[in-house]
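S.K.: Let's see this in three dimensions:
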Amino acid sequence: METDLTRRQILRGTAAGVGLAVTSGLAAAPAAGAAPLLGEYDVVVVGSGAAGMTAALTAAKRGLSVVVLEKAPTFGGSAARSGAGIWIPNNPVLLAAGVPDTPAKAAQYLAAVVGSDVPAARQEAFLRNGPAMIASVMANSPLRFRWMEGYSDYYPELPGGLPNGRSIEPDQFDGNLLGAELANLNPAYLATPPGLVVFSADYKWLNLAAVNAKGAAVAAACLARGTAAALAGQKPLTMGQALAAGLRAGLLAANVPVWLNTPLVDLNVENGAVTGVLVPNGLVRARRGVIVGSGGFEHNAAMRAQYQRQPIGTAWTVGAKENTGDGHRAGQRAGAALDLMDDAWWGPAIPTPGDPYFCLAERTLPGGLIVNQAGQRFVNEAAPYSDVVHTMYDKNPTAPDIPAWLVVDQSYRNKYLFRDILPLLPFPDAWYSAGAVFKASSIQDLGAKIGVPPAALKSTVDRFNGFAWAGVDRDFRRGASAYDHYYTDPLVLPNSCLAPLWAPPFYALKLVPGDLGTKGGMRTDARARVLRPDGSVIPGLYAAGNASAAVMGHSYAGAGSTIGPAMTFGYIAANDV
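M.R.: Numbers count the residues shown, from 1 in each chain. This next block holds a predicted model:
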């Protein structure tokens, strides 16, 4: 995960096969009849994220000829930037680890989470094909996976929910396997500290390394893995970097070209069927079909203003900057219906300079609370991140909470990692200059600095402190769910989610509605085929990932509910085309 400009440098790639070097939006679309033919394949895949590369790998292993068209100068999209949790019930990695999952439990849980927002047939297709997709990826690429033990489903109390979790993540991957192509990998959102090999599941404990023996042991293990990799001459990759690199290695072995710097301009439609993709320099023809995995529209300000609640914009997302809804708009022109366009993979974000910081553990750890502009709590701070932002938008019109404020004390800062800032170290000066954080010697003075009524804030903190001492949050039930405790401090009793704020100075960090990407897109059926508003199928057109409407509907089943379905419906599309 990247935190500054030096870690956000985009590595330049070259467009394989056609020598394209264009910038999206600067080149006009060629007319379909006059467009030079750049190539003809059985399947044309748009986008080299998790959905697109899984689709391409699957199609290639069926013996079909495939090309991947990627808008960016890098491959991997938002998946490469991510923690790469993958939520796939009953997959072979889980079962080998002894996770007590069953198809019946998974179906019961997903139905309870998603409800009627998504047709049962699509839910069933996801659950049925997900395990086979994981097995196929492992059989046809160097990727291996590990269970994120203890990372609870987000609603484990619902029927079929698992408190110990169903999420998996990529195992360590040696970047040397990619050779020169490694230089074209989209950088991570937040970089792993040099010399360490860190998995997503490690962050829970790294946050606690200064105060918890297991946290210290996990930190030592991360260092040991890094040292061993260095001695072996490896370039160790984990999380989204491992996922994207491993899929790309599979494509290299299958001789699937990935054309970088090749944006989708439009879909080629003949007699009502999609037969290829128009790019700035010509036409790439598809004999059997086009699979669109071009990501969301999080960086398209006009589309966000059209479809989503205010305030909204493009500055608070951590999705890949090339995600501007190209697939959505091309699909609409071809007749596609769109669904869930008002929603996103939300999470509270701190608008730090450069990239916003998607706030996970920090709002859950004991010793902090979130307040609105009136100085009042309005949500369970430890709830699933998507729910927190849904609540922000729901309540903002009558009790403004955009921005909201995460309030913590010095005791909290003495104990816990914050993003990549070690305990005891100060927040960066740039955060103060940007208005992302404020500091004061008393709660009342802090309220005055952030424009919150000082007396109200003091009253809220006092009430919260009473709950913390008792271990029961009578207002928002923080700590009632097993999920609430994932990112907390097990040494804090009686409720690991709750600790009082008492040690000055006090800090307030601005929270806005951030996201990992948008979740609305083309309406698809259980075979990942794109549908028109009347329910009919657009021949030759498939969609997966954030270019399609999410199988999770307006909810979020567990860590990896973005990438797991994206890969699965890419796999489904490639087996149907």
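S.K.: where along the stretch 351-500 of the chain do the strands fall?
M.R.: Remark: strands assigned in the stretch 351-500 of the chain by DSSP state E, counting those that start in this stretch are 357-358, 368-371, 404-409, 437-440.
S.K.: For the closest residue in space to Ser442 that isn't next to it in sequence, the count of nearby residues, please.
M.R.: Leaving out its chain neighbours, the residue that sits closest to Ser442 by Cβ to Cβ, 6 or more residues apart in numbering is Pro504, at 6.5 Å. Glycine gets a C-beta too; all of them are placed from N, C-alpha and C. Per other Cβ atoms under 10 Å, the neighbour tally for Pro504 reads 16.
S.K.: ok, the closest residue in space to Gly175 that isn't next to it in sequence - contacts?
M.R.: Closest residue in space to Gly175, ignoring its immediate chain neighbours: Lys235 at 3.5 Å, by Cβ to Cβ, 6+ apart. By Cβ atoms under 8 Å, 6 or more residues apart in numbering, the contact set of Lys235 is Asp174, Gly175, Asn176, Leu182, Ala229.
S.K.: go on, Trp502?
M.R.: Taking Cβ under 8 Å, 6+ apart, one finds Asp409, Ser411, Asn465 in contact with Trp502.
S.K.: unless I'm mixing things up, the last one is touching Leu501, no?
M.R.: By that I understand Asn465. Yes. Between Asn465 and Leu501 there is a contact at 6.4 Å, judged by Cβ atoms under 8 Å.
S.K.: and those two? which has more neighbours close in?
M.R.: The neighbour count for Asn465 versus Leu501, taken as other Cβ under 10 Å, is higher for Leu501 (23 against 16).
S.K.: measure that one to Gly471 for me?
M.R.: Using Cβ to Cβ, to the nearest Å, Leu501 is found at 16 Å from Gly471.
S.K.: Sketch out the helices for the stretch 301-450 of the chain, chain order is fine.
M.R.: 301-307, 326-333, 385-395, 410-415, 429-433, 443-450 (DSSP state H, counting those that start in this stretch).
S.K.: who's in contact with the first one?
M.R.: Outside helix 301-307, the residues within contact range by Cβ under 8 Å, 6+ apart are Phe297, Glu298, Ile312, Gly313, Thr314, Thr324, Gly325, His328, Met341, Asp342, Thr518, Gly520.
S.K.: buried sites along the helix ranked longest in the chain?
M.R.: Taking DSSP state H as the criterion, the chain has its longest helix at helix 120-140. Buried residues in helix 120-140, counted by 16 or more other Cβ atoms under 10 Å: 122-123, 125-134, 136-138, 140.
S.K.: of all those, which comes closest to Ser536?
M.R.: Arg122 (16.6 Å; Cβ to Cβ).
S.K.: Identify the residues contacting the closest one.
M.R.: Arg122 neighbours (Cβ under 8 Å, 6+ apart): Thr524, Asp525, Ala526, Val551.
S.K.: Show me these that map onto helices.
M.R.: Those of the contacts of Arg122 lying in helices (DSSP H): none at all.
S.K.: Among these, name the buried ones.
M.R.: For the contacts of Arg122, buried by 16+ other Cβ under 10 Å: Thr524, Asp525, Ala526, Val551.
S.K.: Widest-spaced pair of those?
M.R.: Asp525 and Val551 (11.3 Å).
S.K.: what helix or strand is the most far-flung residue of the chain relative to its centre on?
M.R.: For the chain, the residue at maximal distance from the C-alpha centroid (Cα atoms, centre = their mean) is Ala34, at 39.3 Å. Taking DSSP states H and E as the definition, one finds Ala34 inside no helix or strand.
S.K.: Need the per-residue pLDDT for it.
M.R.: Confidence at Ala34, expressed as pLDDT, is 74.
S.K.: any idea how far it lies from Gly282?
M.R.: Distance from Ala34 to Gly282, by Cβ to Cβ: 9 Å.
S.K.: repeat for Ala249
M.R.: 29 Å.
S.K.: Which one of these two is surrounded by more residues?
M.R.: Ala249 (22 against 19).
S.K.: Quick check, central residue of this structure?
M.R.: Geometric centre of the chain, nearest residue: Leu516, 4.4 Å, by Cα atoms, centre = their mean.
S.K.: Double-check that it belongs to a helix.
M.R.: No. Secondary structure of Leu516 (DSSP: H, G, I helix; E, B strand; the rest coil): strand, not part of a helix.
S.K.: how about low-confidence regions in the stretch 151-300 of the chain?
M.R.: Scanning the stretch 151-300 of the chain for pLDDT under 70 picks out no residues.
S.K.: show me what contacts Leu491?
M.R.: Val211, Asn212.
S.K.: Give me the below-cutoff pLDDT ranges for the chain.
M.R.: In the chain, residues with pLDDT under 70: 1-33.
S.K.: now do 50
M.R.: 1-28 (pLDDT under 50).
S.K.: Just the residues contacting whichever strand or helix holds Ala217, thanks.
M.R.: Assigned by DSSP H and E, Ala217 falls within helix 213-231. Here helix 213-231 makes contact (Cβ under 8 Å, 6+ apart) with 172, 174, 195-198, 202, 205-210, 235-236.
S.K.: which of those residues lies closest to Leu531?
M.R.: Gln172 (40.2 Å).
S.K.: Tell me who's in contact with that closest one.
M.R.: Val197, Phe199, Arg225, Ala229, Pro236, Leu237, Thr238, Ala242.
S.K.: rerun at 10 Å
M.R.: 144, 146, 197-199, 225, 228-229, 234, 236-238, 242 (Cβ atoms under 10 Å, 6 or more residues apart in numbering).
S.K.: now Gly150
M.R.: Pro163, Asn164, Gly165, Ser167, Ala201, Lys204, Trp205, Ala482, His485, Tyr486.
S.K.: Quick check: the fourth one touching Asp101?
M.R.: No. Under the criterion of Cβ atoms under 10 Å, Ser167 lies out of contact with Asp101, with a separation of 11.6 Å.
S.K.: what about the residue nearest to Ser442, distance to Lys449?
M.R.: For Pro504 relative to Lys449 (Cβ to Cβ), the value is 14 Å.
S.K.: what do you get for Asp42?
M.R.: On the measure of Cβ to Cβ, Asp42 and Lys449 end up 61 Å apart.
S.K.: Thought Leu369 was touching Leu509, still the case?
M.R.: No. With contacts counted by Cβ under 10 Å, Leu509 stays clear of Leu369, the gap being 11.6 Å.
S.K.: Could you pull up the residues touching Leu110?
M.R.: 87, 89, 118, 120, 123-124, 126-127, 158, 160, 551-553, 555, 557-558, 561.
S.K.: That one: helix or strand, and which one exactly?
M.R.: Going by DSSP H and E, Leu110 is in helix 103-114.
S.K.: And that helix, what's buried?
M.R.: Lys105, Ala106, Ala107, Tyr109, Leu110, Ala111, Ala112, Val113, Val114.
S.K.: same question, stretch 526-541
M.R.: Buried, per 16+ other Cβ under 10 Å, within stretch 526-541: Ala526, Arg527, Ala528, Arg529, Val530, Leu531, Ile538, Gly540, Leu541.
S.K.: So which of the residues you listed is the closest to Arg419?
M.R.: Ala528 (36.4 Å).
S.K.: can you tell me how far the closest one sits from Glu362?
M.R.: Following Cβ to Cβ, the distance that separates Ala528 from Glu362 is 37 Å.
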